[in-house]
Structure formats: structure tokens, C-alpha cells
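> The following block contains a protein sequence and its predicted model.
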Amino acid sequence: MEKLEFFKNLGFNEYESKTLSSLIKLRQVSPKEISLDSNVPQNKLYSILRKFQNLGILAEIPNKKYELINFKTFINKRLNEEENKLKKLKQSLPNLENLNEKEEQFIFSLIKGQKAIMNKLAETNPKVKKEILGIQRNWKYWGQGIRAMKESIKSGVNVKLIGIINKETEPRAKQWKNIGCNIRKHNLKFGDYPLRFTIFDNKEARITIGKPEIKNPEDYITIWTSSKPLISILRKQFFETWKESKKF
């Protein structure tokens, strides 16, 4: 990581980060020299130098020059503070899990946007215990989704997927098959664009409306449900389609 980016991550702004870089580079230096090296305007520089002095990381030396002091100690202190923040964040995860459990009591929820549904799928797949049944269209292939599905299959989950397979989609379908998914080719007698849905352990399901009905992926709509009657209908439709689909 470059120095400027590192300093910004510590909480310094652009001008402050450039000033720090010049102080490290030039060691004992005047404000004018700092300004010339860093391109930080002198009218901004003096307030920055005062801030550094107040932080205890800058000393004024003879001939109106400055040098950094205690900077390594300052960095270590900041890093420890960030680590403590991260620990507190991790400790809050159980509360977040409890929140998710409450949210799952709702029968229906709406998710907008392809990215959001992809994230939801990647989060849900590893939690499945027995079975994932799905009907695809474009066989979207992305790293997080593949890793999540691999994790499910490795734990013994039976994954059956039906989808449109043509010259465009076949390479992506093969990638899903290669990780262990049982795949069949959609029978066009059911229409050119099958209803896109997934069933998870017969407990949850999603129905997605996207292309060609909706052109912009950001406008995709997904219905996420735990409705047992609707899941039963989707499951019946899946296996009827599965019987009429070709092996891949």
C-alpha cells in the first residue's frame, strides 16, 4: 500500500497525508520546502503543522524547520485503536444474527437489484442442509456465488439446476456443473424464458424477475419467501420441468 493511502486509512486527509510523506522524505525541512515537495498550499500547510504539533508527532527545530517525532508510536497507537474497533464489531455479530432470525419470520420480502440478490444467494447457500432446487436463465457465474455453492455441495447438499443452455450460456453452465451441480437443459416446450426461482431445503424460496422483462440489472426484482403453499407449488413445477428436461 502506498504511503498516501496508508495515511488516509489512519484518518488523515489528502493534504495532511502529502505533508507527512514530505516530512518522512526530507526529514528536517522548512514549510516552504514541504510546500514545494508536496504541492500543499502554504496557507493550508501552517494549520496542518499546528495540528501535527498538537498530536505530538512534530517538533520545531532551529532555523524554523520541522521534523517528525514519535511517529512510529503514534501509528502503533492508531493501529491498536482500529484493532479494538474491529474486535467490538466482531463482538456485535451475535446481535446481528438475532436480528436476522427475527427477519426470517416474515413470509415475503422484496429485494431489488441483481447485485443484492447475488449477495443474498451467496449468503443463503452455505446455510442449506439438504437440497437446493433451481431454474436458471443465464447461469450467472461469480466468485462469491461459486465458493458458496461449493461449500454447500461439500457439506453434502444435493443441488439440482435447470436452465437455458445455448452457445452463449453453455460455458457458464459447465462451470456450475464442474463444481458438482446436477444440471439439466431447459425444455423449450415450457417457453423460451422459464420462471427463474430457487428452493432452499423446502423452507425458503426466491422468484426473480429480470431480463428480458426488465432490462436494467439494477431494477431486477426478487421475491424472497417462506410461504409453504407457494414453495409447494414451485417444488411441484420444478420436478415436472425436471422430468421433461434433457441431461447435460
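Structure's in. What do you need? This is a predicted model, so every value here is computed, not measured.
> I'd like to know which elements whichever strand or helix holds residue 133 is packed against.
Using DSSP states H and E, residue 133 sits in strand 131-136. For strand 131-136, the contact count by 3 or more Cβ pairs under 8 Å, 6 or more residues apart in numbering; DSSP states H and E identifies strand 158-163, strand 196-200, helix 228-243 as packing neighbours. Quick note: C-beta positions are derived from backbone N, CA and C, even for glycine.
> The same query, at a cut-off of 10 Å, please.
helix 114-124, helix 143-154, strand 158-163, helix 170-178, strand 196-200, strand 204-209, helix 228-243 (3 or more Cβ pairs under 10 Å, 6 or more residues apart in numbering; DSSP states H and E).
> Tell me which of those sits most buried.
Of all the helices and strands packed on strand 131-136, strand 196-200 carries the top mean neighbour count, a mean of 23, counting by mean count of other Cβ atoms under 10 Å.
> And it, what does it pack against?
So strand 196-200, by 3+ Cβ pairs under 10 Å, 6+ apart, packs with helix 114-124, strand 131-136, strand 158-163, strand 204-209, strand 221-225, helix 228-243.
> Could I get these in CSV, plus columns for mean pLDDT and distance to residue 187?
Converted to CSV, those look like this (pLDDT from 0 to 100; distance: least, Cβ to Cβ, whole Å):
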stretch, mean pLDDT, distance to residue 187
helix 114-124, 86, 24
strand 131-136, 93, 11
strand 158-163, 94, 9
strand 204-209, 92, 20
strand 221-225, 90, 24
helix 228-243, 92, 7
